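Visitor: Provide a 3D model corresponding to the input given below.
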Amino acid sequence: LDLQEDKPLENVGLMLNGKNCLKVEKLENGKLNSFISGQSGCTGDDSEQWIQDFKGKIHSKMALDQCLTQQDGWVVLNSCDLDWATQVWNTNSSASEIKQNGKCFDLRSGNLTNNRGSLITYTCSGGGNQKWTTLTKNSSFILATGGKNLPLIMDSLQK
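Guide: Numbers count the residues shown, from 1 in each chain. As a prediction, this is how the structure comes out:
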């Protein structure tokens, strides 16, 4: 395969709900967690950068092998899996919606507590708590098919 022109980090961007941003943090147990931060916690670093591949999966730039996954109404990070439909998101930039099966990204309860909030999916209503900046899809074959091996692939490309 001729992948020299493949750009897995192209179209990286912030996902904002108003002035709030979607972030990733590393928990004490080593696992990664996604959450919504208030404006004062948004710095633009890699923990706030996201990439949507051409299949519709949304990857964290901080951990490219991690994708946003709908799990029992919550949106969490899990290892990207080529077969998980719960990791495929449809974006509608004109409506500022990110959705799956008729349910939209939603700031739980519509507000933050202590400058933090949880990302859930909820029936689309057009409310402000469901308005998100949308990403331009990345056409990278590596990003869309790398799955759990993505960090290893990226390391080998950078050498």
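Visitor: End to end on stretch 46-63, go ahead and measure it.
Guide: Its start and end residues considered, stretch 46-63 measures 9 Å (CA to CA, to the nearest Å).
Visitor: One more: stretch 112-127?
Guide: Taking CA to CA as the criterion, the two ends of stretch 112-127 lie 15 Å apart.
Visitor: Quick check: buried residues in it?
Guide: Going by neighbour count (16 or more other CB atoms under 10 Å), the buried part of stretch 112-127 is 112, 117-122, 124. Bear in mind the C-beta positions are built from the backbone N, C-alpha and C, glycine included.
Visitor: Could you do stretch 67-82 as well?
Guide: Buried, per 16+ other CB under 10 Å, within stretch 67-82: 67-70, 75-78, 80.
Visitor: how near is the residue nearest to C21 when sequence neighbours are not counted to G18?
Guide: Distance criterion CB to CB, 6 or more residues apart in numbering; nearest residue to C21, sequence neighbours excluded, is C42 at 4.0 Å. Distance, C42 to G18, by CB to CB, to the nearest Å: 11 Å.
Visitor: Those two - which one has more neighbours?
Guide: Looking at C42 and G18 with other CB atoms under 10 Å, you find the greater number of neighbours at C42, namely 18 against 13.
Visitor: ok, now which ones touch that one?
Guide: 14, 16, 19-21, 23, 48 (CB atoms under 8 Å, 6 or more residues apart in numbering).
Visitor: mind checking how far it is from P8?
Guide: Distance of C42 to P8, computed by CB to CB: 24 Å.
Visitor: ok, now G110?
Guide: G110 is 35 Å from P8, by CB to CB.
Visitor: So which of these two has more stuff around it?
Guide: P8 (24 against 12).
Visitor: was I right about that one contacting L143?
Guide: Yes: applying CB atoms under 8 Å, one finds P8 in contact with L143, separated by 4.1 Å.
Visitor: For these two, list the residues in contact with both.
Guide: 51, 64, 150.
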